[in-house]
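>>> Return atomic coordinates for the entry below.
(one chain, ligands or ions: 1)
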Amino acid sequence: MSKKPIIVIDPGHGGRDSGAVNGVTGSQEKDIVFSEAKALRFALKQRGVDARLTREDDRFLTLGDRAAIANELGAPLISLHCNASNGDGHGFEAFTSPGQTKSDALATSMLDAYAEAFSMKSRYDFRDGDADKEAKFAVLVRTIGVSVLFELGFIDNPADEKFLVDLNMRVQRAEVLADAIVSWLVETTGFKPVSKEAVQKEPAKMVAKSDRTDGADKTDAIKDLQALLFDKVETIQDLEKKLDAAEGKLETIRKALG
Ligand SMILES: [Zn+2]
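This is a model prediction of the structure:
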């Protein structure tokens, strides 16, 4: 079997650096992007990609540390962030280092997929011929290979924040971004992903089929599955409550009708 492609996902900020914060709800960027990164890792692994994280917990890493992890693995780096702009910003965007680079195609694939899936403002910048914005952010200029910084939405905008913290939307975002990353891998490396049908049919099996022997992958997979199951249980409990309420209403109507 050919080697799996590696993708390094970097949850921005961490530890003493909370990143942007929503002053009303208290949501912190470091937490949102960490959950997001774990969901994305899960979705990528399902598709046969060897996805790694730059941090496995709430810890501080320098920007140089993050770039170094990707450089050491010789893998693309995707840094996840949330925007903030005094509550009046809205939408998503991606950054690559200045100039035409190999990163542009990955950024475009992610941006287009996100735009198609979610009714959010696309903060595209076509002045340089592609959809992404350009900046000399350290995680972008210190990486040797492909690197993209993706801003998922504005943490201090009420609508965006709701979208960012919603668990079902998180799973959807992970699916959408994983598909975008995989189609870029297919185009640039000839990677053959696990088929979508197989992914949807038996996610647990796909994740448990680890080629690592130290068990770390399996522990991750179990944790990821527990998180997903937890979401499902919450949804079911929610639906049960709604059903109870609806039955109550129906009963009232029945009584009123005699
Ligand atoms: Zn950030």
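
>>> The ion contacts on the stretch 1-150 of the chain?
12, 19, 81 (Cβ under 5 Å from the ion). To be clear about C-beta, it is placed using only N, CA and C from the backbone, and glycine gets the same treatment.

>>> rerun at 6 Å
12, 13, 19, 29, 81 (Cβ under 6 Å from the ion).

>>> Nearest to residue 247, out of the residues you listed: which one, please.
Nearest to residue 247 among these: residue 29, at 41.4 Å, using Cβ to Cβ.

>>> How many neighbouring residues does that closest one have?
27 (other Cβ atoms under 10 Å).

>>> Also residue 112?
Neighbour tally, residue 112, other Cβ under 10 Å: 15.

>>> what's whichever residue of the stretch 1-150 of the chain sits closest to the ion sitting at in phi/psi?
Nearest residue of the stretch 1-150 of the chain to the ion (Cβ to the ion) works out as residue 81 at 3.5 Å. The phi/psi pair for residue 81 (degrees, to the nearest 10) reads phi -140, psi 170.

>>> who's in contact with residue 107?
Contacts for residue 107 (Cβ atoms under 8 Å, 6 or more residues apart in numbering) come out as 94, 95, 96, 130, 131, 132, 148, 150.

>>> Residue 89 now?
Contact analysis of residue 89 by Cβ under 8 Å, 6+ apart lists 83, 154, 156, 157.

>>> that's a strand at it, yeah?
No - under DSSP: H, G, I helix; E, B strand; the rest coil, residue 89 falls outside any strand and is assigned coil.

>>> Can you give me the distance of residue 13 to residue 239?
35 Å (Cβ to Cβ, to the nearest Å).

>>> So if I had to pick from those two, which one is more boxed in?
residue 13 (24 against 10).

>>> number of nearby residues for the nearest residue to the more buried one once chain neighbours are set aside?
Nearest residue to residue 13, sequence neighbours excluded (Cβ to Cβ, 6 or more residues apart in numbering): residue 19, at 3.5 Å. Per other Cβ under 10 Å, the neighbour tally for residue 19 reads 18.

>>> what about residue 19, which SS state?
What three-state DSSP gives for residue 19 is coil.

>>> Got the domain ranges for the chain?
6-202, 210-258 (automatic domain parsing).

>>> Three-state assignment for the residue in the stretch 151-258 of the chain that the ion sits nearest to, please.
Proximity to the ion, evaluated over the stretch 151-258 of the chain using Cβ to the ion, is greatest for residue 151 at 7.6 Å. At residue 151 the chain is in strand, as set by three-state DSSP.

>>> tell me the pLDDT at it?
At residue 151, the model reports a pLDDT of 97.

>>> so it bridges to which residues?
residue 81, residue 93 (DSSP bridges).

>>> Quick check: it touching residue 81?
Yes - using Cβ atoms under 8 Å, residue 151 makes contact with residue 81 at a distance of 5.1 Å.

>>> who's more crowded, these two?
Each of residue 151 and residue 81 has its neighbours counted (other Cβ under 10 Å); residue 81 has more, 27 against 24.
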